[in-house]
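>>> I need the structure of the sequence given here:
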Amino acid sequence: MPFRSRLPRQFAFALCWFLLIVALHAGSIWAAEPVDGSDTNKSDRVTPSAAEMAARVDELLQKRLTELGWQAAGQCDDASFIRRASLDLTGTAPVGRDVLDFIDNPSKTKRKDLVARLLSSPKSSVHLANIWSSWLLPEADSPEVQFGRGGLQTWLRSRFAENLRYDRLVSDLLVSTGSITNSPTAFFVALESKPEKIAAKTARVFMGLQLDCAECHNHPFDDWKQRDFWGFAAYFSQVSTGGEQMFSPNQALADVSEGEVKLPGTEEVIAPKPLVETEQAGLETGTRRQKLTLWLTARENPFLARAAVNRVWAILFGRGLIEPIDDMRSIDIASHPELLRELSMYFAETGYDLRGLLAMLASTDAYNRANVHSSGQPPEASYATMACKPLTSTQMAASISQVARQLARENDPQSQQALMAQLGKLRGDASQATLGMVQALVTLHGTAFDEVSSDSSSRLLQALNAPHMNDSKRLQWLFLSTLNRNPTKQEDAAFSSVINEAIAKAAESETSDKSEAGEKQEAKPATWQSDLLWALINSTEFAMTP
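Coordinates of the predicted model:
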């Protein structure tokens, strides 16, 4: 009896599918540049090491700076770097003690070691899950969307924690089935399981293409035709949620055997068709979504690695090599086309290692640069300096939580969500702050900020009133706990004068009160710490990544 006849048909099919996925993913490790009209796809190419790739990044950036006639800014100080790396890689600002320890650390590899430590921490996987879920799900924070977001974020956190290959993560997400409580299927549910909506979002997030512009007509600015869009949408036409109410706990996503899309305004059925031809196009096995993921993660596909690299670059540098990050119609429109091409090759060749890509970019001279230039404002997208990135609402909430400790703790999602709702959307695109005057006033006068800086509720202020602390130390720790740096000499002198004046006025007021009351009273603690803390957490510097 042949071996295959002894196996249940479903098991045999699943085994074949698994082996095919493994073979394709293994092959992609050795993939060179995805086909895009370039001639760099050479079999003798040697994948650079992380250090070599970092040097190559700086070389290509310097080449562009030389063309512009600019010199790069110098290296940022240690305090700026630990705040920058902590916020970019974990979404949370460092605590004051860690800042001091990092500044005093004499090791020449301390920045590299810090990055490795941050990327391996649980906070990093949480941060990356927050970023990707914000790209995948709608911005609306309705209870239904929040319910689905939890399942997606939990799933993403586990994948980022194990540093799952990015191409595998995308494949697993796009073929996912089951309940939204324990899988990433909220992605499909939030888009109402409509093929056209799923196709448009998939193209934007995982391919960097605004393909939805071709939904109703041929793309006005690109080569995509209406048939291309609906051929791509057809891959999602056979998914179903069983007719359950949206975001119901009983709702489960599954592939079905029926479902087609038609060209709008006609009765013509459009069959699934990949956007570009690869060796994996036209496979007959598997569901439509499985066929799509084999094409999307194929080594000849020009989109997946490039879109991921551009988004990671935007996370670290405040803007993509192509902006907007979901409109990568051509590599030639990048600020540095050769750099984007080589980074995409490196990402694919190193096994779609997202953590490795982040670590490598964080080790570049470009990421370590100061955010100011002695010659003024350099040209946009020159990377002569590091961009000051506005904090996202999630980062701001985490930063306030770090200061307050007793307010909106990380293990208290309801408090965190409430604080984020008060803060609103502080940042739109990766490079654009959207905090307007009305939102700023709401933020400045919100209860969260008041509680953080109140003598009665702030644990930080209570700690600063310990007997062994003097005013100089209190000033230092207020800066370390909020802006993650020591006060400058000018700030120290200016605030010391203000502090002395505040203490003198408080003493005069206390003496007057005692005289009027005619009796002995307990001394009241000075409130300058509370006032300064309120000012620091409402400062522009607190709301930015240096």
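>>> remind me which residues of the stretch 301-450 of the chain are low pLDDT?
405-450 (pLDDT under 70).
>>> for the stretch 51-200 of the chain, just list every one of the strands.
Using DSSP state E, counting those that start in this stretch, the strands of the stretch 51-200 of the chain run over 178-179.
>>> what about it, any weak spots by pLDDT?
Where the stretch 51-200 of the chain drops to pLDDT under 70, the residues are 139-144.
>>> mind listing the helices for it?
Secondary structure of the stretch 51-200 of the chain by DSSP state H, counting those that start in this stretch: the helices cover 78-90, 96-104, 110-119, 122-136, 143-161, 166-174, 186-190, 195-202.
>>> could you dump those helices to TSV with mean neighbour count and distance to residue 368?
Placement of C-beta: from N, CA and C, glycine included. Formatted as TSV, these follow (neighbours: other Cβ atoms under 10 Å; distance: least, Cβ to Cβ, whole Å):
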stretch	mean neighbour count	distance to residue 368
helix 78-90	23	7
helix 96-104	16	14
helix 110-119	18	7
helix 122-136	20	19
helix 143-161	19	24
helix 166-174	22	25
helix 186-190	25	36
helix 195-202	22	35
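>>> who wins for proximity to residue 347 among those helices?
When those are compared by Cβ to Cβ, helix 166-174 sits nearest residue 347, at 7.8 Å.
>>> how far does that closest one sit from the chain's center?
Helix 166-174 sits 17 Å away from the centroid of its parent chain (Cα atoms, centre = their mean, to the nearest Å).
>>> packing partners of that helix?
helix 9-29, helix 143-161, helix 288-296, helix 304-317 (3 or more Cβ pairs under 8 Å, 6 or more residues apart in numbering; DSSP states H and E).
>>> would you turn the helices of the stretch 51-200 of the chain into JSON lines with distance to residue 268?
Shown next, in JSON lines, are those (distance: least, Cβ to Cβ, whole Å):
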{"stretch": "helix 78-90", "distance to residue 268": "48"}
{"stretch": "helix 96-104", "distance to residue 268": "62"}
{"stretch": "helix 110-119", "distance to residue 268": "49"}
{"stretch": "helix 122-136", "distance to residue 268": "31"}
{"stretch": "helix 143-161", "distance to residue 268": "34"}
{"stretch": "helix 166-174", "distance to residue 268": "26"}
{"stretch": "helix 186-190", "distance to residue 268": "25"}
{"stretch": "helix 195-202", "distance to residue 268": "15"}
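>>> closest to residue 463 out of these?
With Cβ to Cβ as the measure, helix 96-104 is the member of the helices of the stretch 51-200 of the chain nearest residue 463 (10.6 Å).
>>> what's the angle from that closest one to helix 78-90?
Between helix 96-104 and helix 78-90, the angle formed by their directions is 120 degrees, by axes from the mean of the first three to the mean of the last three Cα atoms, to 10 degrees.
>>> who's in contact with helix 96-104?
Helix 96-104 has contacts (Cβ atoms under 8 Å, 6 or more residues apart in numbering) with 78-79, 82-83, 94, 110, 114, 477, 480-481, 484-485.
>>> out of those residues, who's nearest residue 199?
Lowest distance from residue 199 to these (Cβ to Cβ) belongs to residue 83, with 39.7 Å.
>>> just give me the residue right at the centre of the chain.
Residue closest to the average C-alpha location in the chain (Cα atoms, centre = their mean): residue 131, at 3.8 Å.
>>> mind checking the helices of the stretch 51-200 of the chain for the one nearest to residue 319?
Among the helices of the stretch 51-200 of the chain, helix 78-90 comes nearest to residue 319, with 13.4 Å by Cβ to Cβ.
>>> so which elements touch that closest one?
Counting contacts by 3+ Cβ pairs under 8 Å, 6+ apart, helix 78-90 is packed against helix 96-104, helix 110-119, helix 122-136, helix 354-362, strand 544-545.
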